Each structure stands twice: as structure tokens, then as C-alpha cells.
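Peer 1: I need the structure of the sequence given here:
(2 chains)
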Amino acid sequence: MKYYVELATWFKRYTGGIDRLEIAAARYDTVRGAVASHGVPEDEIGFITILNNDGSSRLIDDSFKPNEGDTFKVFPKIIGG
Amino acid sequence: MIYEKYIKVLYIDLNSQKIRIEHREDLCEYLGGVGVAAKLLEENLKPELDIFDEEQPVIFAIGAASTVFPVVTKTVAMFRSPLTGELGESYAGGRMAMTLFMAGYDAVVITGKSQKPIHIKISRNDVLFKDARALWGMSNDETGRFIREHSKGGGKRSIIRIGPAGENLCKYASVCVDTYRHFGRLGLGAVLGSKKLKAISIIGDRDIPIENFKEYFKVYQEIYKRVTDTEIMAKYHDAGTPINIEPLNAAGGLPTKNLRQNVFEHGESISGETFARKNLVRKMACVGCPVGCIHIGQFRREFDKGHEYEAISVGYDYELLFSLGSFLGVKTSDEILQLIEVVEEEGMDAMSAGVVLGWATEAFMKKLVTEKQTLVPLAFGNTANYIKAIKYISARENDFYSALAEGADRASEIYGGKEFAMTFAKNEMPGYHTGYGAIVGAAVGARHSHLCNGGYSVDQSMKEFNKEKLIDTLFAEEKERCMLNSLIICMFARKVYDRKTILAALNTIGYSYTDEELTAIGERIYKTKLRIKKSLGFNQTDVKLPRRLFETPSLNGQLDEKVAYELIEMYNKKIEVLMAQ
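Peer 2: You can find the predicted model right below:
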């Protein structure tokens, strides 16, 4: 089973410019863990959303189990302004 | 002042145009910065008198390590806020801290009121009082340019001035510092306007040799490397704080259209990435900072027929994109920059201006006010009319705009709509609808700012909601930031300056403190602020939160009003214990 992860632009600095990952689900427990294994520091991951069929998205947490073909988007933590 | 056992305070009386200088050993227990400023405010404040009474003081102070180490760049201003009626505290970067340091002052206390507009020029052991009638009515930009062109002292000089909004006592008027930096929040510009103080320029020209250079340079380099060679500060330089738009919008924490929504349908078109791609032309830094977090964006404006254009540059950051962007439904980066430019020229706090206009728009939509009062139809996304409205507020064009110049809380008292006047204890909200941390943090924060205790940050880091843990974290952070602001370290660098680093840095410039003593200094400062607030009649239990906060879901879902008040009460109990010690 595979799913896909789109990375916010900020994370490209950690992935050699790659902003879309194809993940073999069996290898990782969580989307966060999968993204971290591609070089993104885990403590920099702020929010993960899943793309719904209607084009909208919703926030997920680490308990979410990915399904075949899911697309997630990963965002950095917010910083003080 | 480094290597000295006193705090050097310059007192300026605008009534008599006399100055005096005091060397205050007793203030050393407040270290510097906000500690010294808070104590001087407490000493000089006249709670029984009107906010704009000539006897009310304005305090400026630099920190114990200002500009001596990287990213220690800010000056604090303390005053009685005309917007909230209580503690006024605001920070600005630029060159001001460096010039005060080089002029030999740790703090400046300004009292009195000039009979005519005035520009004061501060230098080492001297202050000149210059007639500023010709400057009155000028915009921030014009005033700065005039002073730069007509007086000597470029380089180690800082120019601080107010715009028309400050002259007209708009309660959230800002003070422009050098270029693109401000004492933005809580209305310092109106206080200076009430004193007819149009501008202050500071020239610092002395040299202070470092005594233990080898040890100092070792610590300096360690800090410099952490700032420049690690990822800690990289986000602030890269896209800057506007990077927040994307995650907050995705997670449902971006206040949009007067918080009628928590997601902005045009979020992508105002994101940090969009600004970087379309508008970013330059990055700048405060003196003493190697980061360069000040992002300058450019837009094109047609100034005449026949394809006559000019390029306008303005500074932008997250709070401005929220307040003049999503909060007003403004959907392009160019339009947001246009609004920032007008706010800048008039001399207003951009956050308050945007939030006030958000309330005004909804009040107009709900027919609480008519077009006869608003003069133009206000609608989310209508930038052209917002530009006019900002100018009307600055000029107090009519009764309605005069009410808007008093802030959203006051305007809603007059016209109704309190439930959607997005303020915390009369201070307009910041751009984080992230959960209880943000709400309670702003409500209980000494100056009702998101920067008092970083509640929004707690919201995103807390794995499971826990009331006690949330309150303990906010309380500890509020005290810690009092200590950090006694130095005054830019809050962006708070992860660089851990306790060990702070102690090492202070030790090389003549201050010998322990970890426990830094904790005690933080508490001492916080207690001073709380005493000031009490003397000004502030009572936390009087603070009412706008219902809208609990109608629109936050990043952490729907919030319960009762829980928020329960958390505030828990925090109050901690304050009572602290003050009884």
C-alpha cells in the first residue's frame, strides 16, 4: 500500500528540493515518522492534513492510519510574530 | 550599563525643557530593559490623573546586554496605554538601542508637555529642544526624511517619530523607529502626540572597549554560530514570520473576516511563499543582528495617467498579513502591501487598525452603522475603501471614525456588536485562533499581547489538553520573558539564549549572576508590572471575552467559554500567591 505526502516549501531544504513523497505504508507507523525518515526533523513538523475527495482538507493526528492512495500535506510549526 | 554598578537615567521635562541625569544603583536589581522601565514607570506614574495629563511619563530603556551580543537589539517603551487604560509596554528594534547605548544612557524618562510641536535631540550628556511646527502634520516617512536631510549625525543615529494618527490621539497610534521598525502596540504614538513630541533623534558616538575581550569573543562567537549556522533562526530569515499563514490556514487557526471564519479561502494567495515569490525585494536587520528578519515587499502604484508608475517598498510580517489580509478578507499580496503603506504613513498599529476595521465592516453589514457614518461602504475584501477608512480614522473624520480611533472595544460600546469586537482587555487580538492557550494567554498577559507568554505556541505543542499544565506553562513563560526582556533579547532568539548562554554572556561583560538570581529578577519584574496594573484599576475578573471566540472553531476545535474563564481564574490564583510572597 502506498500513500503520498506533499511537503510545505520550507521542508524542501531537508529533502534535496523534493516536495512530494511516495510512501510505502508498511514501513512506517505514522505519516510523521515517514516524513522524518526522509530527513525532515520531527520537531519541525507542525500540522498534517489529509486531502479529502472534494478538494478540502482536514487536520489529522498521529493516530490516523493511512489508506491506499491517501494524500497528506505536512506544514511546519508556527513561529512567533 | 556594562562594567558599571548603576543604571544611568536621563530625565527630560518638556515643560521646562530641562534635563537631569541620575546614576541609580538601586535599579540594578532589575537588571535593565523592561525591569528598569517598569520600576521607573511605577515611580513616575500618576494613576489619579488623566492618561494624557502632562505629568504622565514615557519611559524608554535598553537592556543589560543591548547590542553587545547578537540579536540583543531592542528598546522597550513603557507608559500608560491610552487604548487599554493600563500597562503600556512595547518593543522596537532598529538603531535605537545602539544609539542610546553609545550615548551612555540605560533609560530615558520623559514627562511634561511642550506648548508647541517639538523635536528633541538626545546626545551624550546633552539634549536639544527643537521647534517642530514645520513637521506637524507630516507622515512618518516625510518626518524621517526631513530630519535625516536637515541635521547632522548620520550613521550612529536613530530617528523616532509619530505620524498624523499620533498627533490626532488615535489610541493605537504607533511610533516609527528608523525605517520599518515600530513601537507598534498600545498607543505610545498617542502619548507622544499628547505631549506634542513629534520626533526624537538620538546620536551615540562613544566607544566602549570590551575589558575581557578573549572571553567575551569566545561567548560571542558561540552565540553567533548558533544564530547563523543552525536552523534555529533560519525560518525568520527565509520567508520570515509570514510562513505562518500556510500552516495556520491549513490547521484552522487563521482569524479570517473578523473571525467569522478560521480558514481563508484565499490563504494561498497571501502566504509567505506568495509574498516571497511576488513581492519580496530585500531583507534587513536591526543593528547587532546577523539574521535579517525584516522582509521588505514592493508593489507598483500608478501615480499618473500614461503608464506612470512608482515602486513602493514596505515592511511586512505575519501579524500584518493577518490583520490587514485574512482578517479583512483582502486576497492579494499587492493589496495588503497597499494597506500596510497607508497604516505606516498615518502612524498606526497595523494589528489594531485591521482588527478595528474588521469590527467596523461587520457592524456595517449588520446595519449597526449606516453609510452616512462609514462614508464608504465597508466590505470584506474592498481594499480601496479600507484605504479611505484608515485615513478617516487617522483624521477622526467624523463621530464614527473618531470612535474607531478609540479602538474596537470603545466603538462597540457606542454602536453595539461587543460580541464580535475582537479584543482582549481592550487590546485588539493577535493572529492566532489556536486554542485556550492563545485566548487565556492574551487575557491574562500583562500587556494582553500574544508575546507576553506565547500562548499560541503552547496550543500547538501540548499533546493533550491539561488545564493545570497550560496555566503553569503560561505563568512560567510570562516570568521568564520578563527576565529575557530585561536584557533585551529579541524574542525570535529565545531558543538561542538559554539560561546557560545568558549567564555566560553576562559574565563576560561584568555581571555575575546565578540561575536562581535570574529567576528572582523575572519574578521581581512581573510583580512590578502587576502592581502597576492594580494601581491603574485593572481587575482581571472584569475582563469579558468576545463571544465570537467560542463560536468560530479554533485550531484545537470548538472552545468552551466556561473553560476559558475557569482557566483565567486558575491563573488569577497563581498571581495572588505570587503577590503574597
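
Peer 1: quick check: A:Phe72 is in a strand.
Peer 2: Yes. Read with DSSP: H, G, I helix; E, B strand; the rest coil, A:Phe72 is one of the residues of a strand.

Peer 1: you'd agree it is up against A:Ile45?
Peer 2: No. Between A:Phe72 and A:Ile45 no contact is recorded; they are 11.1 Å apart, counting by Cβ atoms under 8 Å. All C-beta spots, glycine's among them, are computed from the backbone N, C-alpha and C.

Peer 1: these two: which is more packed in?
Peer 2: When A:Phe72 and A:Ile45 are compared for neighbours, A:Phe72 comes out ahead with 23 against 20, by other Cβ atoms under 10 Å in any protein chain shown.

Peer 1: how close does that one get to B:Asp238?
Peer 2: Look at A:Phe72 and B:Asp238: by Cβ to Cβ, to the nearest Å, they are 23 Å apart.

Peer 1: pull out the buried positions in the helix or strand encompassing B:Val577.
Peer 2: Taking DSSP states H and E as the definition, B:Val577 sits inside helix B:561-580. Neighbour-count burial for helix B:561-580 flags B:Ala564, B:Tyr565, B:Leu567, B:Ile568, B:Met570, B:Tyr571, B:Lys574, B:Ile575 (criterion: 16 or more other Cβ atoms under 10 Å in any protein chain shown).

Peer 1: what's the answer for stretch B:270-282, then?
Peer 2: Residues of stretch B:270-282 classed as buried by neighbour count (16+ other Cβ under 10 Å): B:Ile270, B:Ser271, B:Gly272, B:Glu273, B:Thr274, B:Phe275, B:Ala276, B:Asn279, B:Leu280.

Peer 1: what is the mean pLDDT for it?
Peer 2: Stretch B:270-282 carries an average pLDDT of 97.

Peer 1: what about it and chain A, touching?
Peer 2: Yes. Using Cβ under 8 Å from any Cβ of the partner chain, we find that stretch B:270-282 touches chain A at B:Glu273.

Peer 1: and stretch B:454-466, by the same measure?
Peer 2: Yes. Contact check for stretch B:454-466 against chain A, using Cβ under 8 Å from any Cβ: residues in range are B:Gly454, B:Tyr456, B:Ser457, B:Gln460.

Peer 1: just the buried residues out of those, in ChimeraX syntax.
Peer 2: Selecting just the buried residues from those in ChimeraX takes one command, with 16+ other Cβ under 10 Å as the test:
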select /B:454,456,457,460
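
Peer 1: helices - which of the residues of stretch B:454-466 next to chain A land there?
Peer 2: Within the residues of stretch B:454-466 next to chain A, residues falling in helices by DSSP state H are B:Tyr456, B:Ser457, B:Gln460.

Peer 1: residues of chain A that sit close to chain B?
Peer 2: Proximity of chain A to chain B is confined to A:8-10, A:13, A:41, A:44, A:46-47, A:49, A:57, A:59, A:73, A:75-81 under the rule Cβ under 8 Å from any Cβ.

Peer 1: which ones among those residues map onto helices?
Peer 2: Checking the residues of chain A next to chain B against helices, none of them qualifies (DSSP H).

Peer 1: separation between B:Ile296 and B:Gly431?
Peer 2: B:Ile296 sits at a distance of 20 Å from B:Gly431 (criterion: Cβ to Cβ).

Peer 1: more neighbours, these two?
Peer 2: Neighbour tally, B:Ile296 and B:Gly431, criterion other Cβ under 10 Å: the higher count belongs to B:Gly431, 30 against 17.

Peer 1: isn't the more buried one up against B:Leu254?
Peer 2: Yes. Counting by Cβ under 8 Å, B:Leu254 is a contact partner of B:Gly431 at 7.2 Å.

Peer 1: tell me, what's touching these two both at once?
Peer 2: With contacts defined as Cβ atoms under 8 Å, 6 or more residues apart in numbering or on different chains, the residues adjacent to both B:Gly431 and B:Leu254 are B:Leu248, B:Phe322, B:Ser326.

Peer 1: list the residues that contact the last one.
Peer 2: Pointing back at B:Ser326 there. B:Ser326 neighbours (Cβ under 8 Å, 6+ apart): B:Ile245, B:Asn249, B:Leu254, B:Pro255, B:Thr256, B:Lys257, B:Phe264, B:Gly267, B:Ile270, B:Gly431.

Peer 1: one more: the first one?
Peer 2: Contacts were defined as Cβ under 8 Å, 6+ apart; by that measure B:Leu248 touches A:Ile78, B:Leu254, B:Gly431, B:Tyr432, B:Thr434, B:Leu555.

Peer 1: B:Leu549 now?
Peer 2: Under the criterion of Cβ under 8 Å, 6+ apart, the contact partners of B:Leu549 comprise B:Leu259, B:Met422, B:His433, B:Ile439, B:Leu559, B:Glu561, B:Ala564.

Peer 1: so which of those residues are in helices?
Peer 2: Among the contacts of B:Leu549, the ones falling in helices (DSSP H) are B:Ile439, B:Glu561, B:Ala564.

Peer 1: ok, and the closest non-adjacent residue to the second one?
Peer 2: Same thing as B:Glu561. Counting by Cβ to Cβ, 6 or more residues apart in numbering or on different chains, B:Glu561 lies nearest to B:Phe550, which is 4.5 Å off, once chain neighbours are set aside.

Peer 1: element containing the one you found?
Peer 2: helix B:548-551.

Peer 1: check A:Glu22 too.
Peer 2: With DSSP H and E as the test, A:Glu22 turns up in strand A:20-24.

Peer 1: got CSV for the contacts of B:Leu549, with pLDDT and distance to B:Ile471 too?
Peer 2: Putting the contacts of B:Leu549 into CSV (pLDDT from 0 to 100; distance: Cβ to Cβ, whole Å) gives the following:
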residue, pLDDT, distance to B:Ile471
B:Leu259, 98, 24
B:Met422, 98, 23
B:His433, 98, 20
B:Ile439, 98, 13
B:Leu559, 98, 16
B:Glu561, 98, 17
B:Ala564, 98, 12
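
Peer 1: mind listing the strands in chain A by residue range?
Peer 2: A:2-7, A:20-24, A:45-51, A:57-60, A:71-76 (DSSP state E).

Peer 1: which stretch in those has the least confidence?
Peer 2: Mean pLDDT across the strands of chain A is lowest at strand A:57-60; the value there is a mean of 90.

Peer 1: excluding its backbone neighbours, what's nearest B:Leu404?
Peer 2: With Cβ to Cβ, 6+ apart as the criterion, B:Leu404 has its nearest non-adjacent residue at 4.9 Å, and that residue is B:Ile393.

Peer 1: the one you found and B:Ala165 touch, don't they?
Peer 2: Yes. Between B:Ile393 and B:Ala165 there is a contact at 7.3 Å, judged by Cβ under 8 Å.

Peer 1: higher neighbour count, those two?
Peer 2: Set side by side, B:Ile393 and B:Ala165 show more neighbours around B:Ala165, with 32 against 28, by other Cβ under 10 Å.

Peer 1: roughly how far does that one sit from chain A?
Peer 2: Using Cβ to the nearest Cβ, to the nearest Å, one gets 22 Å for the distance from B:Ala165 to chain A.

Peer 1: check B:Thr75 too.
Peer 2: Relative to chain A, and taking Cβ to the nearest Cβ, B:Thr75 is found at 19 Å.

Peer 1: where does that residue fall, phi/psi-wise?
Peer 2: Dihedral pair for B:Thr75: phi -110, psi 140, per degrees, to the nearest 10.

Peer 1: ok, back up a step: quick check: the farthest pair among the contacts of B:Leu248?
Peer 2: Farthest pair in the contacts of B:Leu248 (Cβ to Cβ) is B:Gly431 and B:Leu555. Separation: 11.7 Å.

Peer 1: from the buried residues of stretch B:270-282, pick the one nearest chain A.
Peer 2: Closest to chain A out of these is B:Glu273 (5.2 Å), distances taken as Cβ to the nearest Cβ.

Peer 1: following the chain onward from the helix or strand where that closest one lies, which element is next?
Peer 2: Assignment of secondary structure by DSSP H and E places B:Glu273 within helix B:272-278. In the C-terminal direction, the helix or strand that comes right after helix B:272-278 (DSSP H and E) is strand B:280-284.
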